[in-house]
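# Make a model of this:
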Amino acid sequence: MKKLHLLFFLIYFGIYFSQVNIDEIKKNVTENPQKYYYDNLEIFKTNPKLLNQEQLNYIYYGNNYVDYGFKRSEFNDILSEVTNFSNRNISFKKASQVLEKAKMLYEKNPLSKELLLDLQKLYYKIKKQDKGDFHFSQYHLLYETIMNSGTGKLDVSPIVVANFSDQMLALENSKVFTRGITFTTKVLSDGSWLNIYKNGQDLFFVKTIHHKDLYKDDK
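Below you'll find the predicted structure:
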């Protein structure tokens with residue numbers, strides 16, 4: 001019986017403390033953005049596979065606690081145009097033109113997962129497979145960062161996302177992501193949101209972190 005209790009404790013301990021530490025990331029990025037965010041971001045732009053999980057956590061979640069330097073609404077408007085063309089069968093010339101727009105957006109925000117997939121498709125259209133593969137590897141590392149943040153099976157170990165749109169990424173491979181899914185939302189004491197998805201007897205937990213400047217960009 002004691003061994004069983006110890007095993008349960010270790011499993012619970014491992015699940016709970018494998019959770020990404022948002023408070024620590026926020027503190028370190030706020031106090032020393034160069035070390036904890038911008039230096040890691042430069043590596044992400046040049047050789048992302050050199051980054052370990054902790055460094056990837058700092059750029060994905062830490063992005064919420066730095067100055068964006070651009071208006072997200074304007075960024076998203078241009079991104080929508082890029083995505084529209086990247087998903088179509090366009091000529092080499094048109095793909096090259098759209099790619100220039102995408103590259104300008106990339107300089108502003110290399111962490112946009114939709115943009116990274118757009119860049120992959122556009123580079124493939126102009127027959128630059130290696131560059132397309134590079135941007136897909138960046139996308140995959142961000143995706144894995146999200147999926148490594150928790151199990152999603154318990155409320156103490158939710159998958160943690162940095163924005164509402166990434167909740168869909170978290171849900172894609174879960175058992176609950178089928179017809180009949182429902183969800184409820186709880187606002188936690190730190191201001192973040194915990195979505196509890198349910199389908200039959202299966203539950204899946206996704207936490208969206210909160211930061212005080214969530215809607216600051218268009219002021």
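# mind giving me the domain split of the chain?
72-146, 150-208 (automatic domain parsing).
# On the three-state scheme, the nearest residue to residue 171 once chain neighbours are set aside is what?
Once flanking residues are discounted, residue 171 sits nearest to residue 177: 4.7 Å by Cβ to Cβ, 6 or more residues apart in numbering. Where C-beta positions appear, they are placed from N, C-alpha and C, glycine not excepted. Here residue 177 is coil, with the state taken from DSSP: H, G, I helix; E, B strand; the rest coil.
# Can you report how many residues lie near residue 177?
If you count neighbours by other Cβ atoms under 10 Å, residue 177 ends up with 15.
# residue contacts, it?
By Cβ atoms under 8 Å, 6 or more residues apart in numbering, the residues touching residue 177 are 171, 197, 199, 204.
# Model confidence for the third one, exactly?
Here the pLDDT value assigned to residue 199 is 93.
# In contact with it, which residues?
175-178, 180-182.
# So which of the contacts of residue 177 belong to strands?
Using DSSP state E, the members of these that fall within strands are 197, 199, 204.
# Mind giving me the packing neighbours of the host helix or strand of residue 144?
Using DSSP states H and E, residue 144 falls within helix 129-147. Contacts defined by 3 or more Cβ pairs under 8 Å, 6 or more residues apart in numbering; DSSP states H and E place helix 129-147 against helix 53-62, helix 113-125, strand 159-161, helix 167-171.
# most packed of these?
With neighbours taken as mean count of other Cβ atoms under 10 Å, these reach their highest mean count in strand 159-161, at a mean of 25.
# what about that one, average pLDDT?
pLDDT averaged over strand 159-161 gives 96.
# Among the contacts of residue 199, name the buried ones.
176, 181 (16 or more other Cβ atoms under 10 Å).
# want to throw the contacts of residue 199 into CSV with pLDDT and distance to residue 193?
Output for those, formatted as CSV (pLDDT from 0 to 100; distance: Cβ to Cβ, whole Å):
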residue, pLDDT, distance to residue 193
175, 89, 21
176, 92, 17
177, 91, 18
178, 90, 23
180, 90, 22
181, 92, 17
182, 94, 16
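# Nearest to residue 134 among the contacts of residue 199?
residue 177 (29.1 Å; Cβ to Cβ).
# Can you give me the separation between the closest one and residue 131?
Distance, residue 177 to residue 131, by Cβ to Cβ, to the nearest Å: 32 Å.
# Straight-line length of stretch 101-120, end to end?
14 Å (Cα to Cα, to the nearest Å).
# Ramachandran angles for residue 20?
phi -60, psi 140 (degrees, to the nearest 10).
# Quick check: the closest residue in space to residue 196 that isn't next to it in sequence vs residue 147, distance?
Leaving out its chain neighbours, the residue that sits closest to residue 196 by Cβ to Cβ, 6+ apart is residue 184, at 5.1 Å. Residue 184 is 22 Å from residue 147, where distance means Cβ to Cβ.
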